[in-house]
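Peer 1: Sharing a sequence plus its predicted fold:
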Amino acid sequence: MTQIGEVALWLALLVAGWGAALGFYGGRRGRGDLVLSAERSMFAVFGLLLTTALAIIAAFLRSEFRYKYVAGYSNRELGVFYKITGLWAGQTGSLVFWALLLSLFGCIVVFQNRRRNREFMPYVTGTVLTVLAFFMVVVVFASNPFELMSFVPPDGRGLNPQLQNYWMTIHPPTLYLGFTCFTIPFAFAVSALLSGRLDTRWITTTRRWTLLAWFFLTCGIIFGMMWAYVELGWGGYWFWDPVENASLLPWLTGTAFLHSVMIQEKRGMLKMWNVLLVMATFLLSIFATFLTRSGLIESVHSFAENTTIAFIFLGFLSALVLVSAGLVWWRRHAFKAESRLESFLSREAAFLVNNIVFISVMFAVLWGTTFPLISEGLLGQKIQVGPPFYNRVNVPLGLILLFLMGVGPVIAWRKATPRNLRRNFALPLGMGAAMGIALLVGGVRHPYALLTFALATFTLTTIVVEFWKGTRARAKIEGEGPHVALLHLVEKNRRRYGGYVVHAGFVICFCGFSGKAFNAEKTVALRPGESVSITSPFGSVYQLTYQAMSWYPATNMTKLVATVDVKRDGRPAGMLAPEKRAYKQREEVTSEVGIRRAWNEDLYLIMAGVADPDRFMSGQDPSPVATFKVLVNPLVPWIWLGGFIMAMGTLVALWPAPEAVRVAVRAPARGRVPAPRPGLVGA
Amino acid sequence: MRMRGALLLALAAAAGLGAAAPVWAQARTPATEAVALEAIGQIRSPYCPGLMLEVCPSRQADFLRDSIRTMAAEGQSAPQIVERVVAAHGEQYRALPKRSGAGMWAWVMPPLVLLVGLALVAWRIARLRRVRAGVVEPAASPLSDDERARVEAALRGFDREEVAP
């Protein structure tokens, strides 16, 4: 099976190279037969890569430790589930997985467009297959999953303990889905440039792909935060680590793109900007993949193994930047706007400022992430940039975004009149100010937290008012009840109201982030029977009583578990069981935290250490002193709730509208490529 | 046995934390604790690669955090503490770049990008306004009642179908 997988990998590389060349050549010459061959190559590449991926999984399941990759990321006692996820646990397998997902999306695009967008498809196929060919070159020549060990070890090294967590099994695939999905809008942008058709069609065609990519990337980032929160054991969820930042960069430009395309669709403006944004998003996805694997920047998440890959990625990234910039320059005269920006007080301007802020945040994150390298290379001094830098720079920008989120969707297109501004913003501004004053009177003094809640109230009010106005108008016009009217309102304009739901989720996330300003923390050493109290910012008093310590061997590890009884305001509130785990093979000890979740805060318990564990485990001291770190993390559950609402809102926006189902257009038969527009191709 | 040994070693190392309250702990107040936390939040851990001192679980990090609390209790400010720790361990453990010298560039560039972006939008709008001011628009002919009603009906429909984020 593994030999078949290795052969399939080589064949996939050859077929991808063949298909990429035919796609571009066929498109240029208008040769439908060649384009058809390129499209069929996509299906072949998917089949071959699937075979390779199944072969790697089979090697994991059969514990074939003669393969370096299998020996490095599994051992005999590892559970079946984690053996399967071994496919993306390390660098080599994750690259195969990346390529597999991209080939799957490539097949879907080819199938979807078998009768439409025929002028785009040669270049779309060519672009996707070129990216695939690159990944396979990396896998075959620099990071081969079928590389053999010089000897066959009796057991493998095992999977990194921190990856043995359910969030970690779904976080990387979700992120990869987002990264790879952004390749499709990029491929359409390239094909729009090559074919010279730079109207809104490539944007409307890829609208769902962009939303889908954004959905996956958002979910992937949230899952990563959940993993960090429960697994890393320090009470935080986002650390501004270079690899975390790398996943955020395409999300930021992708979000900016989702907003700016609306201006192009509505007013025919920002054509070049949109092409640049979608290109930047794809390039940043590749940059994220490069950063995770290059080892150039110190990161707790990085799985860099060899620098050859870093140079290959850097070469590919440079080529992509040059080709993208060259294409945009070539077509620079075709980006003429159909209308003009008339006023700062308009929806176009609000969206444009929103874009500039998103790009500024992206730049700040990129700048901070690469500053150690830049400062060393250009200024001769390696200057590190840590989380406080990102917080100081990005929190004000985030607050501007929060404000614009309330302004953008309701301000008038072209030019807002004073009457329009009064009618749309008087109530939300009043509500925001009232919230700010109420919190100030209630004793909240943290300026950013105050501003966050005031702006969140402002934005949420604009969203609620939009739903209210639409529902009321529909109920009046159609004679429907309020619930039915609301349902039909969303159903008739899913993109608009799905967008509002996403905004609401984002606002709730922001409130969750601001909870960090009120964290409470204590570190204590306790004997069994002793207690510690901690007061939450909401006024509840938690009393934690350390009951007992136990230890036992489990599959693949030894566990040491403390049992802690929790009371909230004197009433029983359950038990927490923080753990220390020592994994076989890896000789690593990890912490498993105990979390008591409530709607407004988390009680977060870390077992920091145990005094003389040798005496305890040998039975000489049945009541060891244990050190606990107790945290109350206010509003953290709101982050997960906000993330869930954002995902739901995106699904609402993604869901096909009834109109789209009805309008099924017959287009030229497959294999026919319309002739290039005169004067554009080869201009 | 090797695994159990690792567990024992790690737990024993961590056990020193909080075992006994040091003498100087009496000088600590909520105010000095706030200063210490501010300083701790600006230092990368010399003992956990890639992690901040505030979250580094190693025993040496505990000692360093305690010594920072002592410095705060002695009346030192957060910047002074950061300078002392960085002087002792190395510049690479400073998490917040200095606002002078090479570190200044870290702070200058992000707001500069924002300002340049906003300035470009402002310049573009101002330029278009100047262009529009020079164009004589044809006088609008008055609409009939029927035309006005049709326009308003179309606008209502337009509002309903309006695309939003």
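Peer 2: Everything's here; your move. What you see is a predicted model; the values in this text were computed from it and never measured.

Peer 1: Spell out for me which residue occupies the centre of chain B.
Peer 2: For chain B, B:Leu96 is the residue whose C-alpha lies nearest the centre (Cα atoms, centre = their mean; 9.9 Å).

Peer 1: pretty sure that one is touching B:Arg44, no?
Peer 2: No: shown here, B:Leu96 and B:Arg44 do not form a contact pair, counting by Cβ atoms under 8 Å, at 9.8 Å. (C-beta placed from N, C-alpha, C; glycine too.)

Peer 1: overlap in contacts of the two?
Peer 2: A:Gly386 (Cβ atoms under 8 Å, 6 or more residues apart in numbering or on different chains).

Peer 1: tell me the SS of the residue nearest to the centre of chain B?
Peer 2: coil (DSSP: H, G, I helix; E, B strand; the rest coil).

Peer 1: Need the phi and psi values for it.
Peer 2: For B:Leu96, the backbone dihedrals (degrees, to the nearest 10) come out as phi -110, psi 110.

Peer 1: got a pLDDT number for it?
Peer 2: Among the per-residue scores, B:Leu96 shows a pLDDT of 91.

Peer 1: what's near enough to touch it?
Peer 2: For B:Leu96, the residues meeting the contact criterion (Cβ under 8 Å, 6+ apart) are A:386, A:388-389, A:392, B:42, B:82.

Peer 1: Run through chain A and note the low-pLDDT ranges.
Peer 2: Counting by pLDDT under 70, chain A contains low-confidence ranges at A:294-306, A:585-587, A:658-683.

Peer 1: follow-up on the earlier one: and the two most separated of the contacts of B:Leu96?
Peer 2: The widest separation within those, taken as Cβ to Cβ, falls between A:Arg392 and B:Val82 and amounts to 14.5 Å.

Peer 1: So between these two, which is more surrounded?
Peer 2: The neighbour comparison of A:Arg392 against B:Val82 (other Cβ atoms under 10 Å in any protein chain shown) goes to B:Val82, with 23 against 13.

Peer 1: Pull the contacting residues for that one.
Peer 2: B:Val82 sits next to B:39, B:42-43, B:94, B:96 when contact means Cβ under 8 Å, 6+ apart.

Peer 1: Nearest to A:Trp214 among those?
Peer 2: Distance from A:Trp214 was checked for each of the contacts of B:Val82 by Cβ to Cβ. The minimum falls on B:Leu96, at 31.8 Å.

Peer 1: Relative to A:Thr169, how far out is the residue in the stretch 51-200 of chain A positioned nearest to chain B?
Peer 2: Shortest the stretch 51-200 of chain A-to-chain B distance, computed as Cβ to the nearest Cβ: residue-wise this is A:Gly158, at 10.7 Å. If you measure A:Gly158 against A:Thr169 using Cβ to Cβ, to the nearest Å, the figure is 15 Å.

Peer 1: Those two: who's more crowded?
Peer 2: Between A:Gly158 and A:Thr169, counting by other Cβ under 10 Å, A:Gly158 is the more crowded of the two (24 against 18).

Peer 1: wait, what's in contact with that one?
Peer 2: Taking Cβ under 8 Å, 6+ apart as the criterion, A:Gly158 is in contact with A:73-75, A:77-78, A:556, A:583-586.

Peer 1: host element of the residue of the stretch 501-650 of chain A found nearest chain B?
Peer 2: Sorted by distance to chain B under Cβ to the nearest Cβ, the residues of the stretch 501-650 of chain A start with A:Gly609, at 2.6 Å. Taking DSSP states H and E as the criterion, the element that holds A:Gly609 is strand A:601-610.

Peer 1: quick check, A:Ala573 in a strand?
Peer 2: Yes: according to three-state DSSP, A:Ala573 belongs to a strand.

Peer 1: what's the nearest residue to it if we skip its chain neighbours?
Peer 2: Nearest residue to A:Ala573, sequence neighbours excluded (Cβ to Cβ, 6 or more residues apart in numbering or on different chains): A:Val566, at 4.6 Å.

Peer 1: what separates stretch A:534-543 from the chain centre, distance-wise?
Peer 2: Taking the mean C-alpha point of stretch A:534-543 and that of its whole chain, the gap between them comes to 34 Å (Cα atoms, centre = their mean, to the nearest Å).

Peer 1: Report how many residues lie close to B:Ala31.
Peer 2: 10.

Peer 1: correction: A:Gly515
Peer 2: 22.

Peer 1: Would you report the backbone torsion angles of the residue nearest to it when sequence neighbours are not counted?
Peer 2: With Cβ to Cβ, 6+ apart as the measure, A:Leu635 is the residue that lies nearest to A:Gly515, at 2.8 Å, once sequence neighbours are left out. Dihedral pair for A:Leu635: phi 70, psi 10, per degrees, to the nearest 10.
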